[in-house]
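Chemist: Prediction below, plus the sequence it came from.
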Amino acid sequence: MKCRIVREDMEAHLPSVPDGHHDQIVFRKVARNRKRTSVPFYKVGAEIEHPDVHMLVQMGVAVPADDACAEACGMDEAQMAAAQKAYQRVVLGIHPEDYELFDAGVILGYEPDGEFKPGPNFHLLEQATADEDEDEGEEPVKPADKGAAPSKDSGTATPVAPAAKSGANAA
């Protein structure tokens, strides 16, 4: 069973790379435990043969390279694309509340201080923020208090006195 890597950040486990396939590996310097170290990564397009490569397709880091892998992963093109998108969100640390902004290209991720990294459609967020600022001048609608009934004239809630106890329940 074979798959083809679609991401450049897929680390390779050298002992599991078969002889003759080391040309599909590139070494990069990365920081680990505050030290720079050389780490092997698969090149985009590298083919991996293993009985469990369908899991890499399901994770969103590869596509099937043969019929056996395509059948084992049990995904169509749209599902594979969704898995790749989901993997990208995780890699970038996108918070679920910001998925919509990320998917729309409004943000590309976050700056170290937590601010948004502007995306190609960042102007949409600035426009929405400006619209919200204009709405702030309006009187906000107040939620009804517990035990309150709507007032006929104002549309706001007015407190309702609790019913008097009677009969056996009266104290």
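Modeler: Sure, I can see it. Residues are numbered from 1 along each chain as shown.
Chemist: All the strands of this structure, in order from the start?
Modeler: Along the chain, counting by DSSP state E, strands occupy 2-5, 25-32, 35-42, 47-49, 62-64, 107-110, 116-118, 148-150, 157-159.
Chemist: who are the neighbours of the second one, in terms of helices and strands?
Modeler: In this case it means strand 25-32. Secondary-structure packing of strand 25-32 (3 or more CB pairs under 8 Å, 6 or more residues apart in numbering; DSSP states H and E): strand 35-42. Placement of C-beta: from N, CA and C, glycine included.
Chemist: Using CSV, lay out the strands of the chain together with mean pLDDT and mean neighbour count.
Modeler: Putting the strands of the chain into CSV (pLDDT from 0 to 100; neighbours: other CB atoms under 10 Å) gives the following:
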stretch, mean pLDDT, mean neighbour count
strand 2-5, 96, 21
strand 25-32, 92, 11
strand 35-42, 94, 14
strand 47-49, 93, 17
strand 62-64, 97, 23
strand 107-110, 93, 16
strand 116-118, 92, 14
strand 148-150, 49, 12
strand 157-159, 45, 13
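Chemist: Include distance to V90 when you put those into JSON lines, please.
Modeler: Shown next, in JSON lines, are these (distance: least, CB to CB, whole Å):
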{"stretch": "strand 2-5", "distance to V90": "17"}
{"stretch": "strand 25-32", "distance to V90": "18"}
{"stretch": "strand 35-42", "distance to V90": "17"}
{"stretch": "strand 47-49", "distance to V90": "21"}
{"stretch": "strand 62-64", "distance to V90": "15"}
{"stretch": "strand 107-110", "distance to V90": "12"}
{"stretch": "strand 116-118", "distance to V90": "16"}
{"stretch": "strand 148-150", "distance to V90": "45"}
{"stretch": "strand 157-159", "distance to V90": "44"}
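Chemist: in this structure, which spans are helices?
Modeler: Counting by DSSP state H, one finds helices in the chain at the ranges 54-59, 67-73, 77-92, 99-103, 122-135.
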